[in-house]
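Let me see the structure of the following:
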Amino acid sequence: MTGSALPQLLRPRALRPGDLVVIASLSGPLHAAYEPDLEQAVVVIERMGFRVRRAPLLEAGRHHWWSATRPAEIAEEFNGLLRDPEVRAIIAHDGGQTALGYLDLIDVEAVAADPKPILGYSDISLVHLVLYARTGLVGFHADLATPGLGGHWQAASAARRAELEKLYSTLLTSGEAIGALPATPSWECWRAGRTEGRLIGGLLNRIALAQATRFALPLERFDGAVLFWEEAGGQAAHVWSYLQVLRHSGILDRISGMVVGVPHAIDGLDSPDTSPTLAELVLDVLGDRDIPVLGNDEFGHAGPNLPMPVGIRVGLDAQQRTLSLLEAAVRPLMVRGPVG
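As a prediction, this is how the structure comes out:
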């Protein structure tokens, strides 16, 4: 990996018990029917030991077109949270279709001055990728509040919920590397091999869109990286096309490994005689690029999500079906005492 092209990794400060986590509308609106799910998400976060507050724009029934409100208003509230020293983490209530409208309005100086964990996936992938590109911030591609913590988590077994709560809490509070993420039988080796590299990715179509903006990650950032992605909705042919975009852009020639999330609501996968499996589709685009590929991992819209911290160095062994976080996603708390 060519370290000279890589920015200094900007890790948020580790959370302490009792720290304030704010749930915010960073994209889509809150529909009244999902108010109980949001309330359940608050319970989950409090059970992890944190205080929770809802940002003012997170109000059932508030919307503008497909968004919680106009992009400039979302950015104004988001920037206020980034600047507020009491706010120690921000979790998006849901995804949506709005982040492209305010990527240029985010206060990157506030991010650099006081980096905090920002959690979410789907449309929030854009926020993670752009802030990683501009500041080196470790973004947390992790469950959203309403459909995730208050939805998918509640449908999981009690043991899985407890495992996820411990995993998320440790990731946010510990300055030590997590190590191997908890695997399940769904994980599949699509191409064998081992590698280490920085974890970069998100929702596949948002990766392609982010790279089409002036905030795109320079290609050098993908040197030796482990690319992770998931996709939801649309057609199998769309997935193939987005992967072809990454091929044409040169990204697939630079990465050292790939991790693919469980697909969700994609039409045309696994139709006998007419469509490929997702593994066949991926390997078709990769061609003779001999890199390890681990498939069907639990992150993305299928939920509940394993956290995938953007920018953190990981170890991937596709044949053994392991993905390990090799360094902490947050910086450890400083011992109280003289500044130095």
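
And stretch 99-119, what's buried?
Under the neighbour-count criterion of 16 or more other CB atoms under 10 Å, stretch 99-119 has 99-100, 102-103, 106, 108, 110-111, 115-119 buried. Any C-beta I mention is one placed from the backbone N, CA and C, and that applies to glycine too.

Now render the residues you listed as JSON lines, adding secondary structure, pLDDT and distance to Y168.
Below are the buried residues of stretch 99-119 laid out as JSON lines (DSSP: H, G, I helix; E, B strand; the rest coil; pLDDT from 0 to 100; distance: CB to CB, whole Å):
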{"residue": "A99", "secondary structure": "helix", "pLDDT": "98", "distance to Y168": "22"}
{"residue": "L100", "secondary structure": "helix", "pLDDT": "97", "distance to Y168": "27"}
{"residue": "Y102", "secondary structure": "coil", "pLDDT": "98", "distance to Y168": "26"}
{"residue": "L103", "secondary structure": "helix", "pLDDT": "98", "distance to Y168": "26"}
{"residue": "I106", "secondary structure": "coil", "pLDDT": "98", "distance to Y168": "24"}
{"residue": "V108", "secondary structure": "helix", "pLDDT": "98", "distance to Y168": "26"}
{"residue": "A110", "secondary structure": "helix", "pLDDT": "98", "distance to Y168": "24"}
{"residue": "V111", "secondary structure": "helix", "pLDDT": "98", "distance to Y168": "21"}
{"residue": "P115", "secondary structure": "coil", "pLDDT": "98", "distance to Y168": "18"}
{"residue": "K116", "secondary structure": "coil", "pLDDT": "98", "distance to Y168": "15"}
{"residue": "P117", "secondary structure": "coil", "pLDDT": "98", "distance to Y168": "10"}
{"residue": "I118", "secondary structure": "strand", "pLDDT": "98", "distance to Y168": "14"}
{"residue": "L119", "secondary structure": "strand", "pLDDT": "98", "distance to Y168": "8"}
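
How about the secondary structure of L164?
Classification of L164 by DSSP: H, G, I helix; E, B strand; the rest coil places it in helix.

Could you list the low-pLDDT ranges of the stretch 1-150 of the chain?
1-7 (pLDDT under 70).

Could you rerun that using 50?
1-5 (pLDDT under 50).

Tell me where it has strands.
With DSSP state E, counting those that start in this stretch as the criterion, the stretch 1-150 of the chain has strands at 20-24, 51-54, 87-92, 118-120, 139-141.

on that earlier part again, and of the buried residues of stretch 99-119, the nearest to R47?
Among the buried residues of stretch 99-119, L119 lies closest to R47 (CB to CB), at 15.8 Å.

Distance to D223 added to the strands of the stretch 1-150 of the chain, as a markdown table?
As requested, the strands of the stretch 1-150 of the chain are exported to a markdown table (distance: least, CB to CB, whole Å):
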| stretch | distance to D223 |
| --- | --- |
| strand 20-24 | 34 |
| strand 51-54 | 39 |
| strand 87-92 | 29 |
| strand 118-120 | 25 |
| strand 139-141 | 19 |
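
who touches V138 in this structure?
9-12, 115, 117, 132, 309-312, 329-330 (CB atoms under 8 Å, 6 or more residues apart in numbering).

who's in contact with the residue most central in space within the chain?
Note on the chain: the residue nearest the mean C-alpha position is H141, at 1.3 Å, using CA atoms, centre = their mean. Each residue near H141 by CB under 8 Å, 6+ apart is listed here: 120-121, 124-125, 128, 201-202, 228, 299, 305, 307-310.

Kindly supply the PyMOL command isolating those of those that are buried.
Buried subset of the contacts of H141, written as a PyMOL selection, criterion 16+ other CB under 10 Å:
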select buried, resi 120+121+124+125+128+201+202+228+299+305+307+308+309+310
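
Can you tell me which of the contacts of H141 end up in helices?
Of the positions in those, 124-125, 128 sit in helices, assigned by DSSP state H.

buried residues in the longest strand that the chain contains?
Looking across the chain with DSSP state E, the single longest strand is strand 194-203. Across strand 194-203, burial judged by 16+ other CB under 10 Å covers 195-203.

All set now, cheers.
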